[in-house]
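In: Predicted model, plus sequence, below.
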2 protein chains.
Amino acid sequence: MKKAEATRQTILQKGFDLIYTKGYQTTSIEDILSTTQVTKGAFYYHFRNKEEMGLAIINELMKPTLQTSFVDLQKEENPLKGIYNLMKHLLLENDFLKVEYGCPASNFTQEMTPWNTHFSKALNEIIQTWIQVMTDALNSGIEKGFVSKETNTKQVTIFVISGYWGIRNLGRLEDNTTVYTTYLNGLNNYLHSLV
Amino acid sequence: MKKAEATRQTILQKGFDLIYTKGYQTTSIEDILSTTQVTKGAFYYHFRNKEEMGLAIINELMKPTLQTSFVDLQKEENPLKGIYNLMKHLLLENDFLKVEYGCPASNFTQEMTPWNTHFSKALNEIIQTWIQVMTDALNSGIEKGFVSKETNTKQVTIFVISGYWGIRNLGRLEDNTTVYTTYLNGLNNYLHSLV
DNA sequence: AAGTAAAGATACTGTTTGGTATGTTTTTAG
DNA sequence: CTAAAAACATACCAAACAGTATCTTTACTT
């Protein structure tokens, strides 16, 4: 990796870390600079402003990362199992995502949506892809007989993703993984009702 | 109402409006002052600082408002119907809550949790009350035969509330009530699986 | 009506912060 | 090797903002 590209990645990575743990607005550019070896000149060489960095974090860091989690869903034969395992993985086993910090995409959405349309648009693209992948998985699950034919796959997808975002929010408040296991049990029961 | 109390309420009300639509951090005290007839002197007479105002908004405005929505849940005989109607009301019929702005409590939580424990605590109290009320309703629903005896009421509550918070988040992104109706249908199916 | 405390108005301050101007070093192309 | 462009460094600026100091008006009590 070229050196210039390395500093760019440093900024994005550290920027993501700080924003994930503290929020976008409470993370100042100075914060990023002081916790790295990057100077202001370098920062503004790579990004026109703070917003451009934020968008780069979404598009170049978060998007690809989430993309990989879709793979787990796609390689599982039974989508109901796939969905449950994905959620379990995201909530309990992924040591990149922490309870107390919630879901990066969800956090970002909540904080930025009211006043920044660019962010909303970028985030919406991510979530729409997720919805698409899950719906497709459920549809093929119907064909393979894993899911009841009467299932409205789009509806189930929306329902499941809502639950995920919500529980992440709740998890932050309580700062405790027991709500996660409780949620997962609830999800499990729900998914079984779709067979 | 005394005049002093009136200005205090003006601040809280306008503060809530702005925070609900724009977020806490993007709402400056100057914003509140310029959209009301209140001056800085008056503001700082009533509140020691911005945080104290935020907490007052949670405790004196949001808490009581949410309390009233619980009543709907408690007066319904069948808790499953009660839950569905409550959600439907909150999502589609309450013209105080807007799609594009989401759920005030959820928004606040997301924005403040990472850096302000006072806010988290106040918000957690609200949500814990909500959980309690819903669980109680479901428990009495079991006794009355509306809900299956095998139901884990706490689990169902967590599952339902997560869904609500999540869909509000999703609704903001898409800025469209169709996700709400989709969600409500999903919720309806889920609740029927508990009979 | 007068005196006192509550309530409100105005001007100001210190700091944070995003962003710029300008200069220096490093890399790359020819 | 050298010139030019890319990459980085430092000092500075203007705006926004939370909060304070001080002064004036309003409301209440006796």
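Out: Thanks, I have the structure now.

In: Over to the residue located most distally from the centre of chain A. Which of the three states is it?
Out: Centroid-distance maximum for chain A: A:Gly41 at 30.9 Å, with Cα atoms, centre = their mean. Secondary structure, DSSP: H, G, I helix; E, B strand; the rest coil: A:Gly41 is helix.

In: What distance do you get for it to B:Cys103?
Out: 42 Å (Cβ to Cβ, to the nearest Å). For glycine as for every other residue, the C-beta is placed from the backbone atoms N, C-alpha and C.

In: which residues sit in contact with the nearest residue to A:Phe146 once chain neighbours are set aside?
Out: Using Cβ to Cβ, 6 or more residues apart in numbering or on different chains and skipping residues adjacent in sequence, the residue nearest A:Phe146 is A:Asn78, 4.4 Å away. Shown in contact with A:Asn78 (Cβ atoms under 8 Å, 6 or more residues apart in numbering or on different chains): A:Gly141, A:Lys144, A:Phe146.

In: just A:Thr117 next, same as before
Out: Contacts of A:Thr117 (Cβ under 8 Å, 6+ apart): none.

In: Do you know the pLDDT at it?
Out: Looking at A:Thr117, its pLDDT reads 91.

In: and what of A:Met1?
Out: 62.

In: which residues in chain A form helices?
Out: A:3-22, A:29-34, A:40-46, A:50-56, A:63-75, A:79-88, A:104-112, A:117-143, A:153-174, A:178-192 (DSSP state H).

In: Can I get these in CSV including distance to B:Ser162?
Out: Shown next, in CSV, are these (distance: least, Cβ to Cβ, whole Å):
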stretch, distance to B:Ser162
helix A:3-22, 20
helix A:29-34, 31
helix A:40-46, 38
helix A:50-56, 27
helix A:63-75, 19
helix A:79-88, 11
helix A:104-112, 12
helix A:117-143, 16
helix A:153-174, 3
helix A:178-192, 6
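
In: still on that earlier bit, and the contacts of A:Asn78, which are buried?
Out: Burial by neighbour count, 16 or more other Cβ atoms under 10 Å in any protein chain shown: within these this picks out A:Gly141, A:Phe146.

In: For DNA strand D, state which of the contacts of A:Asn78 is nearest.
Out: Of all these, A:Gly141 has the smallest distance to DNA strand D: 46.9 Å, by Cβ to the nearest atom of the strand.

In: where's the residue nearest to the closest one when sequence neighbours are not counted relative to DNA strand C, distance?
Out: Once flanking residues are discounted, A:Gly141 sits nearest to A:Pro79: 3.7 Å by Cβ to Cβ, 6+ apart. For A:Pro79, the distance to DNA strand C equals 42 Å [Cβ to the nearest atom of the strand, to the nearest Å].

In: Could you pull up the residues touching A:Pro79?
Out: A:Pro79 neighbours (Cβ under 8 Å, 6+ apart): A:Leu73, A:Met134, A:Ala137, A:Leu138, A:Ser140, A:Gly141, A:Phe146, A:Val147.

In: neighbours around the nearest residue to the fourth one once chain neighbours are set aside, how many?
Out: To tie it back to what came earlier, the one meant is A:Leu138. Spatial nearest neighbour of A:Leu138, chain neighbours left out: A:Thr153 (3.9 Å); criterion: Cβ to Cβ, 6+ apart. When counting by other Cβ atoms under 10 Å in any protein chain shown, one arrives at 19 neighbours for A:Thr153.

In: Let me see the contact set for A:Thr153.
Out: Taking Cβ under 8 Å, 6+ apart as the test, what A:Thr153 contacts is A:Thr135, A:Leu138, A:Asn139, A:Ile142, A:Val147.

In: low-confidence ranges in chain A?
Out: By pLDDT under 70, the low-scoring segments of chain A are A:1.

In: contacts for stretch A:56-64?
Out: Defining contact as Cβ under 8 Å, 6+ apart, one finds that stretch A:56-64 is touched by A:12-13, A:15-16, A:19, A:47, A:104-105, A:108, A:119, A:122-123, A:125-126.

In: What subset of the residues you listed is buried?
Out: Listed as buried from these are A:Leu12, A:Gly15, A:Phe16, A:Ile19, A:Phe47, A:Pro104, A:Ala105, A:Phe108, A:Phe119, A:Ala122, A:Leu123, A:Ile126; burial here means 16+ other Cβ under 10 Å.

In: Got the domain ranges for chain A?
Out: A:1-47, A:51-192 (automatic domain parsing).

In: Most tightly packed of those domains?
Out: Of those, the one with the most neighbours on average (mean count of other Cβ atoms under 10 Å in any protein chain shown) is domain A:51-192, at a mean of 18.

In: and A:Arg8, what does it touch?
Out: Counting by Cβ under 8 Å, 6+ apart, A:Arg8 has contacts A:His46.

In: again, only this time at 10 Å
Out: Counting by Cβ atoms under 10 Å, 6 or more residues apart in numbering or on different chains, A:Arg8 touches A:Met1, A:Lys2, A:Val38, A:Ala42, A:Phe43, A:Tyr45, A:His46, A:Phe47, A:Met53, A:Ala56, A:Glu60.

In: try A:Lys88
Out: Counting by Cβ under 10 Å, 6+ apart, A:Lys88 has contacts A:Asn94, A:Tyr180, A:Thr181, A:Leu184, A:Leu187, A:Asn188.

In: now, among the residues you listed, which is nearest to DNA strand D?
Out: Closest approach to DNA strand D among the contacts of A:Lys88 (Cβ to the nearest atom of the strand): A:Asn94, at 31.1 Å.
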